[in-house]
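Student: Got a sequence here, can you build the structure:
(chains A and B)
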There are 2 protein chains.
Amino acid sequence: MNNDNPFSFLLPFPEVIPSRIDRHIKRHLSALKGQFFDTQAYDLLLSQQDQLIYEVYEIHRPEVAGELLLGISIVHPGKVGVEFFMTKGHFHTVLDTAEIYYVLKGEGFMVMETPEGNCAIEKLSPGRVLYVPPRWAHRSVCTSRQEDLVTFFAYPANAGHDYGTIEQRGFRKLILENKNGIEIIDNPNWLK
Amino acid sequence: MNNDNPFSFLLPFPEVIPSRIDRHIKRHLSALKGQFFDTQAYDLLLSQQDQLIYEVYEIHRPEVAGELLLGISIVHPGKVGVEFFMTKGHFHTVLDTAEIYYVLKGEGFMVMETPEGNCAIEKLSPGRVLYVPPRWAHRSVCTSRQEDLVTFFAYPANAGHDYGTIEQRGFRKLILENKNGIEIIDNPNWLK
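Tutor: All right, here's what the predicted structure looks like:
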């Protein structure tokens, strides 16, 4: 397909697998080492099976300003100890770039923070549009017991991904399930 | 609302009016003077009523590179003579900026062309994602008899709108309804 021609594809309900896919990324439990706060629960789960935690279907475009990257993110349901399955989360390398999400299916949260320490958590549910402004790192968390969290996303194609900062210090907030339900707590392992 | 904080809003089915709106643009028939090829039919219809042709609900963001503008476009069903109701259509002022559409409701076409004369027409139907690459002018056309064509759109916030070029010369292709159904024809009034 010529990159310079318009194109369209189907994102049908309720299957939500796009009819066009240029890249399919699968992140298993082993790829999220150090991200879940209960390392014992993580090691035990990993010893049983290297489960698929989330998947991303991407459409390829030139990674330059003015173009947009888009795709579908699917976070599967599950927990590591009491902590819900989630994406690695990242800042954009070009920090001053936004991202939009449109929730197609499932329930969860977007956990966000800035380098300066501002935190925000937004609920994700079907039909909800989320705007992640420039400078905000973001991570999707699936809180459904059985259903995938499926979002359609788009962001400036020159943004890039900085996974390293989050890998090293984590997010300041965690989403857990305790006996009283879903709880947002300060990350005890957050590294200043 | 602080522009620097993440925010979300609902885009619920089947109502598809967003729960957050910063700007509501309404384009009536009188605003599309010169755009429909049958000027007699246009004048007659306008003398009867200055109908609402399409509406746009926009979310406000700073109009700078890295931010994204997003909203909902609603093209109402109807015809001027044999030509379907449509948006004014535009190039982006910063020509090298893309746009994405996600069709929520209705049926129609996106008519597109480049300054160099390349033309493309993509079908719009619920669940379809459309990528308009940089440099492509674009116009939505509603071909349903009774239903609105509703799309969710997003594009780089620094793109800007150049309506003037299309106002002066039109698009090279028109979407009509003849006795055999929907027809795509060369615009007899297109101005080189």
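Student: what's the offset of stretch A:61-77 from the middle of its chain?
Tutor: Chain-centre distance of stretch A:61-77: 12 Å, with Cα atoms, centre = their mean, to the nearest Å.
Student: Contacts only, for the closest residue in space to A:Pro134 that isn't next to it in sequence.
Tutor: Closest residue to A:Pro134 apart from its sequence neighbours, by Cβ to Cβ, 6 or more residues apart in numbering or on different chains: A:Asp96 at 4.3 Å. The way it works is simple: take the backbone N, C-alpha and C, and place the C-beta from them, glycine included. Each residue near A:Asp96 by Cβ atoms under 8 Å, 6 or more residues apart in numbering or on different chains is listed here: A:134-135, B:65-66.
Student: Tell me the first helix or strand C-terminal of the longest helix seen in chain A.
Tutor: Longest helix in chain A, counting residues (DSSP state H): helix A:39-48. Next helix or strand after helix A:39-48 toward the C-terminus (DSSP states H and E): strand A:52-59.
Student: Which secondary structure elements does the helix or strand following that next one sit against?
Tutor: Per DSSP H and E, the first helix or strand lying C-terminal to strand A:52-59 is strand A:68-75. If contacts are counted by 3 or more Cβ pairs under 8 Å, 6 or more residues apart in numbering or on different chains; DSSP states H and E, strand A:68-75 sits against strand A:52-59, strand A:137-142, strand A:149-156, strand B:99-105, strand B:128-132, strand B:149-156.
Student: how many neighbours does the closest residue to A:Asn189 other than its chain neighbours have?
Tutor: Leaving aside its chain neighbours, A:Asn189 sits nearest to A:Phe37 (5.5 Å; criterion: Cβ to Cβ, 6+ apart). A:Phe37: 19 surrounding residues under other Cβ atoms under 10 Å in any protein chain shown.
Student: List the neighbouring strands of the helix or strand containing A:Met112 plus their orientation.
Tutor: In the assignment (DSSP H and E), A:Met112 maps to strand A:108-113. With DSSP bridges as the test, strand A:108-113 is paired with strand A:119-124 (antiparallel), strand A:137-142 (antiparallel).
Student: looking at those, which one has the lowest mean pLDDT?
Tutor: Among the strands paired with strand A:108-113, strand A:119-124 carries the lowest mean pLDDT, at a mean of 94.
Student: which parts of it are buried?
Tutor: A:120-122, A:124 (16 or more other Cβ atoms under 10 Å in any protein chain shown).
Student: do the same with stretch A:39-49
Tutor: A:42, A:45-46.
Student: Can you tell me which of the residues you listed lies closest to chain B?
Tutor: Using Cβ to the nearest Cβ, A:Tyr42 comes nearest to chain B of these, at 28.0 Å.
Student: Once you drop chain neighbours, what's closest to that closest one?
Tutor: Closest to A:Tyr42 by Cβ to Cβ, 6+ apart is A:Phe36, at 4.8 Å.
Student: What about that neighbour, how many residues nearby?
Tutor: 24.
Student: What of A:Pro18?
Tutor: 20.
Student: Equivalent analysis for A:Tyr102, please.
Tutor: 22.
Student: pretty sure it contacts A:Thr151?
Tutor: Yes: using Cβ atoms under 8 Å, A:Tyr102 is in contact with A:Thr151, at 6.6 Å.
Student: Just the buried positions in the worst-scoring helix or strand of chain A on mean pLDDT, please.
Tutor: Sorted by mean pLDDT, DSSP states H and E, the helices and strands of chain A end with strand A:7-10, the least confident at a mean of 78. For strand A:7-10, the neighbour count (16+ other Cβ under 10 Å) marks A:7-9 as buried.
Student: circling back: of the buried residues of strand A:119-124, closest to A:Gly78?
Tutor: Nearest to A:Gly78 among those: A:Leu124, at 16.4 Å, using Cβ to Cβ.
Student: which residues does that closest one bridge with?
Tutor: In beta-bridge terms (that is, DSSP bridges), A:Leu124 pairs with A:Gly108.
Student: Low-confidence ranges, chain A, go.
Tutor: For chain A, the stretches with pLDDT under 70 are A:1-3, A:13-14, A:192.
Student: and the residue lying closest to A:Gly71 once chain neighbours are set aside, how many neighbours?
Tutor: Excluding the flanking residues, the one nearest A:Gly71 by Cβ to Cβ, 6+ apart is A:Glu58, at 4.1 Å. When neighbours are counted by other Cβ under 10 Å, A:Glu58 registers 17.
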